[in-house]
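>>> Pasting the sequence and the predicted model now:
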Amino acid sequence: MSKEVVFSGIQPSGTIHIGNYLGAIKNWVALQDRYPCYYCVVDYHAITSPYEPKTFPHAVLDAVAANVAAGLDPARSTIFVQSQVPEHTELCWVLSAVTPVGELQRMTQYKDRARVRREVVNAGVLNYPILQAADILAYKGTLVPVGEDQEQHLELTREIARKFNAAYGPTFPEPEVLFTPSRRLMSLSDPKVKMSKSMPGSYLSLMADPPAIKEAVARAVTDTGPTPGGEMTPGVATLFQLLDVFAPAKTAERFRAAHRAGDLRYAELKASLAECLVEGLEPIRLRYRELIARPDTLRDMVRHGTARARPVACATLEEVREKIGILKT
Ligand code: TRP
């Protein structure tokens, strides 16, 4: 049995698109076969950005439903919600006492958000990476599957772990980033930028129904047509990227050969890709429908996750309190 523990955090941020799926969730699903995994919907992180309190509980349940529909398995992995395990915020406070403010101020994500509205940037945005470190370290996580944008936060997590260990004795492993093997998916409407949920037309929702899938694929940007031996333009490359995941290898190969020969008709490629996507995404969409229609089942699922996660976090916190000299009565 390996000593690795996988931990990753999921923002409850609404639409999950196929880029999120290929860039992150698919990898999380695969890791479940190899390691004990913790997947956490990070609602206390989310409140550092503007959000709607009235619909927030639903957004959190929706994130659970979407990720379970996409293949996170509550029977094998610990799938839970951050706020339900208060030891995360408690550990965050303890870790803040070994975290240099200067390091927090160096974080690109903080700098980006502080630049936009310096007067109103809240301390939660600054302290965000400490809570992220607490998430991981509460379970002594060793492998953190995230995108490149999180590398800096993970570097800081390692430093926080080192600082704590140096001050109070060996306690936490230094977690490693596990980058997703797949390349990131570009926008369908503008292949120069990453697929993003903030631009309609840019993304294909993981829960899209067949007509929506067909429309999104039909509207995807390509070029005026391939020339024999010519290079593949970025928009066309995105379609092939999807084909590689969702179509049988033979189909992808046939289209690739046609592209090389310069006689590929994009309409044909798109029709075939749309069909494969409809088929490939159907189980996810149906399972999502089923889950979201039963909020009580979802709540049970969250409680089940809490029951798995909390004893582990509690044990870590007990060890931490003892090491840092907190009164026990
Ligand atoms: N900051 C991460 C993001 O924006 C989310 C996150 C919170 C996370 N806690 C985490 C990721 C712990 C990995 C591990 O995507």
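Alright, I've got the coordinates.

>>> dump the residue contacts of the closest residue in space to residue 184 that isn't next to it in sequence.
Leaving out its chain neighbours, the residue that sits closest to residue 184 by Cβ to Cβ, 6 or more residues apart in numbering is residue 23, at 5.4 Å. The way it works is simple: take the backbone N, C-alpha and C, and place the C-beta from them, glycine included. Taking Cβ atoms under 8 Å, 6 or more residues apart in numbering as the criterion, residue 23 is in contact with 147, 180, 182, 184, 185.

>>> Could you verify that residue 23 is part of a helix?
Yes: according to DSSP: H, G, I helix; E, B strand; the rest coil, the state of residue 23 is that of a helix.

>>> Quick check: the gap between it and residue 276.
As judged by Cβ to Cβ, to the nearest Å, residue 23 and residue 276 stand 19 Å apart.

>>> do residue 230 as well
Residue 230 sits 25 Å away from residue 276, going by Cβ to Cβ.

>>> and those two? which has more neighbours close in?
Using other Cβ atoms under 10 Å, the more surrounded residue of residue 230 and residue 276 is residue 276, with 20 against 12.

>>> Quick check: that one touching residue 249?
No: if you go by Cβ atoms under 8 Å, residue 276 and residue 249 don't touch, sitting 11.6 Å apart.

>>> thinking again about what came up before, ok, and the most crowded of the contacts of residue 23?
residue 185 (22 neighbours).

>>> give me every residue that touches that residue.
With contact set as Cβ under 8 Å, 6+ apart, residue 185 has these partners: 18, 19, 22, 23, 194, 195, 238, 241, 242.

>>> Farthest-apart pair in these, please.
Looking at these by Cβ to Cβ, the two members farthest from one another are 194 and 242, with 14.9 Å of separation.

>>> between the two, who's got more neighbours?
residue 242 (22 against 17).

>>> quick revisit: quick one, grab the pLDDT at the residue nearest to residue 184.
At residue 23 the predicted local distance difference test score is 87.

>>> For residue 310, see how far away residue 74 is.
15 Å.

>>> And the helix or strand harbouring residue 303, what does it pack against?
In the assignment (DSSP states H and E), residue 303 maps to helix 295-324. Contact here means 3 or more Cβ pairs under 8 Å, 6 or more residues apart in numbering; DSSP states H and E; on that basis helix 295-324 packs against helix 56-69, strand 78-81, helix 87-96, helix 151-168, helix 266-292.

>>> For it, list every residue counted as buried.
Neighbour-count burial for helix 295-324, with 16 or more other Cβ atoms under 10 Å as criterion, is recorded at 298, 301-302, 305-306, 308-310, 312-313, 316-317, 320, 323.

>>> again with stretch 261-271
Within stretch 261-271, the residues that qualify as buried are 264, 266, 269, 270, counting by 16+ other Cβ under 10 Å.

>>> who's the one residue in the chain that gets nearest to the ligand bridged to?
Using Cβ to the nearest ligand atom, the closest approach of the chain to the ligand is made by residue 9 at 2.5 Å. With DSSP bridges applied, residue 9 shows beta-bridge pairing to residue 40.
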